[in-house]
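Student: Make a model of this:
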Amino acid sequence: MSQQKFASNVVEKCLTFGSPEEHQLLVDEMVGTTDENEPLQVFMMKDPFGNYVIQKVLETCNDESLALILSRIRIVYL
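Tutor: A predicted model of the protein is given here:
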């Protein structure tokens, strides 16, 4: 989703200034999985630029999305 510096900047701006519908589309994309079946948000957390996107999502998402993302992260790390 955003493994390059400028791409992560664009996604962060979309999360900050986009409509609620656009924001939800990005969150839905992030809740998917990689080719290795690793949750995408966990993969992004390990990426030098993707981690900034994860931080912005956690700052700007609604309570339901926040709970979903955090539960996916906990599954991997706990």
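Student: In the chain, where's the longest helix?
Tutor: Ranked by residue count and defined by DSSP state H, the top helix of the chain is helix 63-77.
Student: That helix: how far from the chain's middle?
Tutor: Here helix 63-77 is found 11 Å from its chain centre; the criterion is Cα atoms, centre = their mean, to the nearest Å.
Student: Packing partners of that helix?
Tutor: Helices and strands touching helix 63-77, by 3 or more Cβ pairs under 8 Å, 6 or more residues apart in numbering; DSSP states H and E, are helix 20-30, helix 40-46, helix 50-60. All C-beta spots, glycine's among them, are computed from the backbone N, C-alpha and C.
Student: Looking at those helices, which is nearest to Gln3?
Tutor: Comparison of those against Gln3 by Cβ to Cβ identifies helix 50-60 as nearest, at 5.9 Å.
Student: now that closest one against helix 63-77, angle please.
Tutor: Relative orientation of helix 50-60 versus helix 63-77 (axes from the mean of the first three to the mean of the last three Cα atoms, to 10 degrees): 140 degrees.
Student: Buried residues in helix 50-60, which are they?
Tutor: For helix 50-60, the neighbour count (16 or more other Cβ atoms under 10 Å) marks Gly50, Tyr52, Val53, Ile54, Lys56, Val57, Thr60 as buried.
Student: Does that helix pack against any helices or strands, and if so which?
Tutor: Helix 50-60 is packed against helix 5-17, helix 20-30, helix 40-46, helix 63-77, with contacts defined by 3+ Cβ pairs under 8 Å, 6+ apart.
Student: would CSV of these with mean neighbour count be doable?
Tutor: Converted to CSV, the helices and strands packed on helix 50-60 look like this (neighbours: other Cβ atoms under 10 Å):
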stretch, mean neighbour count
helix 5-17, 15
helix 20-30, 15
helix 40-46, 18
helix 63-77, 13
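Student: Check those for me: which has the lowest mean pLDDT.
Tutor: Confidence, taken as mean pLDDT, is least for helix 40-46 of these (a mean of 78).
Student: for it, packing partners?
Tutor: Using 3+ Cβ pairs under 8 Å, 6+ apart: helix 40-46 touches helix 20-30, helix 50-60, helix 63-77.
Student: With Ser8 as the reference, name the closest of the ones you listed.
Tutor: helix 50-60 (5.3 Å).
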